[in-house]
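Novice: the amino acid sequence is not available; the structure is as follows:
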């Protein structure tokens, strides 16, 4: 030895963590858990005011977005009725073939035509003609007593003629074309300054059915009732909507029509802000979707309740069945929009739930992934080679999913008046696209 050798250093005591090579005693484990709990409480207490403010702001924004979503659906509907001629015609065209509307128009036109025919003068002319022909006085007096039967028969003749006109396909064509030509006056009608086939006065929305009277006159003349040719041109109104609140309603619709283009965008932006502000954004997204869904349920209930209230406040003598048919036709597309938005909100809530950490969501995703993976393995064993496609999908899997969702959103927001079935089929196609993405996803060897 050339020098004194120093003894080797003693090994440092091992720093094993609990659960690796040694276990803590029950007492120490309890103390550690208690310490962790206290640290967690301190962290929570430090951030609690901030979290509460964020949660409150998120809730308020989501509630506001839900209310605006309700108003946005009504605004888009009002805007479409006023500005979109095809939409307006599609709304009112079915009324021409509605039996209640046909019966109401028939009654209205029949009364107008009969007012132009003087039955007593007609009977007097028959009696004078009989006297001139040398008919015995008793027979002439008998003709004079026929005013009642003649009046009844004339009513039946006019009513049946009007009903044939109103029930014909020609009436549907006249009805549709007249409404298409008159659509430019709808905006004026809602503001109370119309001067065309559609008017709004005395809290009534009415349509001039004078052309129908002209057709009835021609039919009566062609059937041999020459006296009908003396009926003058008559302009009479068929009331479509009537009620003491029509003036208020058209004012509200006018306001909604002005903001109709922007209100849906504003509602979406406010909902997005509420989700972004929340600490748990996935839960906030579910809450926002449920809020919109409940708003649509509320709007649907309000439409049903308002129908009953509207019919109960009709003036005496109004045909309630016809008024109900008009109401149902006017809100038909509004109900369709309510169902579509409600379905979209429900699909969004379910999607946000199934990407979460809950046991049901995890099991569902695991089941679907295992099933698709098993199908892919069978296809590969049968000779399918994914190669570069599989590696590309695996590398950009997240981006591909984002593109799928973005395309679905663009389709729904650019579709003119999407229905509930459009929403459902879009959701189905998105699920199929994600399933294809999962099938093509192969990890590189």
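Specialist: Good, I have the coordinates. Since this is a predicted model, take the numbers as computed values, not measurements. Numbers count the residues shown, from 1 in each chain.
Novice: how far away is the spatially closest residue to residue 426 that is not a sequence neighbour from residue 98?
Specialist: With sequence-adjacent residues excluded and distances taken as Cβ to Cβ, 6 or more residues apart in numbering, residue 426 is closest to residue 408, at 5.4 Å. Using the backbone N, CA and C atoms, a C-beta is placed for each residue, glycine as well. When Cβ to Cβ, to the nearest Å is the yardstick, residue 408 and residue 98 sit 37 Å from each other.
Novice: and residue 365, by the same measure?
Specialist: 50 Å.
Novice: which residues touch the helix or strand harbouring residue 372?
Specialist: Assessed by DSSP states H and E, residue 372 sits inside helix 359-381. With Cβ atoms under 8 Å, 6 or more residues apart in numbering as the contact definition, helix 359-381 has outside contacts at 353, 354, 355, 386, 435, 438, 439, 442.
Novice: ditto for stretch 164-173
Specialist: The list of residues contacting stretch 164-173 from outside it, by Cβ under 8 Å, 6+ apart, reads 93, 96, 97, 102, 105, 106, 109, 212, 215, 216, 219.
Novice: pLDDT value on residue 412, please?
Specialist: We note a pLDDT of 89 for residue 412 in this prediction.
Novice: try residue 320
Specialist: Residue 320 is assigned a pLDDT of 81 by the prediction.
Novice: if we can go back for a sec, just the buried residues of the contacts of helix 359-381.
Specialist: Neighbour-count burial (16 or more other Cβ atoms under 10 Å) is assigned, among the contacts of helix 359-381, to 353, 386, 438, 439, 442.
Novice: now name the helix or strand holding residue 391.
Specialist: When the helices and strands are read off by DSSP H and E, the one containing residue 391 is helix 387-395.
Novice: in that helix, what's buried?
Specialist: Of the residues in helix 387-395, those buried under the neighbour-count criterion (16+ other Cβ under 10 Å) are 390, 391, 393, 394.
Novice: my guess is residue 266 contacts residue 68. True?
Specialist: Yes. Under the contact definition of Cβ atoms under 8 Å, residue 266 touches residue 68, with a separation of 6.2 Å.
Novice: between these two, which one's more packed in?
Specialist: Counted by other Cβ atoms under 10 Å, residue 266 and residue 68 do not tie: residue 68 has more neighbours, with 21 against 16.
Novice: from residue 261, how far out is the nearest residue to the more buried one once chain neighbours are set aside?
Specialist: Take residue 68 and drop its neighbours on the chain: the residue closest to it by Cβ to Cβ, 6+ apart is residue 267, 3.8 Å away. Taking Cβ to Cβ as the criterion, residue 267 is separated from residue 261 by 12 Å.
Novice: how many other residues sit next to residue 283?
Specialist: Using other Cβ under 10 Å, the number of residues around residue 283 comes to 15.
Novice: before we move on, what about residue 156?
Specialist: By the other Cβ under 10 Å criterion, the neighbourhood of residue 156 contains 11 residues.
Novice: elements contacting the helix or strand containing residue 345?
Specialist: Using DSSP H and E, residue 345 sits in helix 332-354. Counting contacts by 3 or more Cβ pairs under 8 Å, 6 or more residues apart in numbering; DSSP states H and E, helix 332-354 packs against helix 26-83, helix 85-92, helix 281-312, helix 359-381, helix 420-440.
Novice: for the stretch 251-400 of the chain, give me the ranges with low pLDDT.
Specialist: Counting by pLDDT under 70, the stretch 251-400 of the chain contains low-confidence residues at 251-258, 260.
Novice: how about a cut-off of 80?
Specialist: Low-confidence segments of the stretch 251-400 of the chain, defined by pLDDT under 80: 251-261, 313-319.
Novice: related to what we said a few turns ago, same list, the buried ones among the contacts of helix 359-381, but as a markdown table with distance to residue 425 please.
Specialist: Rendered in a markdown table, the data for these read as follows (distance: Cβ to Cβ, whole Å):
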| residue | distance to residue 425 |
| --- | --- |
| 353 | 21 |
| 386 | 28 |
| 438 | 20 |
| 439 | 21 |
| 442 | 29 |
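Novice: closest one of those to residue 400?
Specialist: The shortest gap between residue 400 and any of the buried ones among the contacts of helix 359-381 belongs to residue 438, at 10.3 Å (Cβ to Cβ).
Novice: for the residue lying closest to that closest one once chain neighbours are set aside, give its distance to residue 436.
Specialist: Distance criterion Cβ to Cβ, 6+ apart; nearest residue to residue 438, sequence neighbours excluded, is residue 372 at 4.6 Å. The span separating residue 372 from residue 436 equals 9 Å under the rule Cβ to Cβ.
Novice: so those two - more neighbours on which side?
Specialist: Here residue 372 and residue 436 are set side by side on neighbour count (other Cβ under 10 Å), and the busier one is residue 372, at 18 against 14.
Novice: does residue 401 belong to a helix or a strand, and which?
Specialist: Applying DSSP H and E as the criterion places residue 401 in helix 397-414.
Novice: and what of residue 443?
Specialist: Element membership of residue 443, judged by DSSP H and E, is empty: it is in no helix or strand.
Novice: which ones are touching it?
Specialist: Contacts for residue 443 (Cβ under 8 Å, 6+ apart) come out as residue 394.
Novice: okay, it: pLDDT?
Specialist: At residue 443 the predicted local confidence, pLDDT, stands at 74.
Novice: next one: residue 405
Specialist: Per-residue pLDDT puts residue 405 at 93.
Novice: circling back: surely the residue nearest to residue 68 touches residue 72?
Specialist: Yes. Proximity of residue 267 to residue 72 meets the contact threshold set by Cβ under 8 Å, at 5.0 Å.
Novice: for residue 174, see how far away the nearest residue to residue 114 once chain neighbours are set aside is.
Specialist: Closest residue to residue 114 in three dimensions, ignoring its sequence neighbours and counting by Cβ to Cβ, 6+ apart: residue 158, at 5.9 Å. Counting by Cβ to Cβ, the gap between residue 158 and residue 174 amounts to 19 Å.
Novice: ok, now residue 331?
Specialist: Here the criterion is Cβ to Cβ. By it, residue 331 lies 25 Å from residue 174.
Novice: okay, now the nearest residue in space to residue 354 that is not next to it in sequence: neighbour count?
Specialist: Across the structure, with Cβ to Cβ, 6+ apart as the measure, the residue nearest residue 354 apart from its sequence neighbours is residue 361 (4.7 Å). Using other Cβ under 10 Å, residue 361 is surrounded by 15 other residues.
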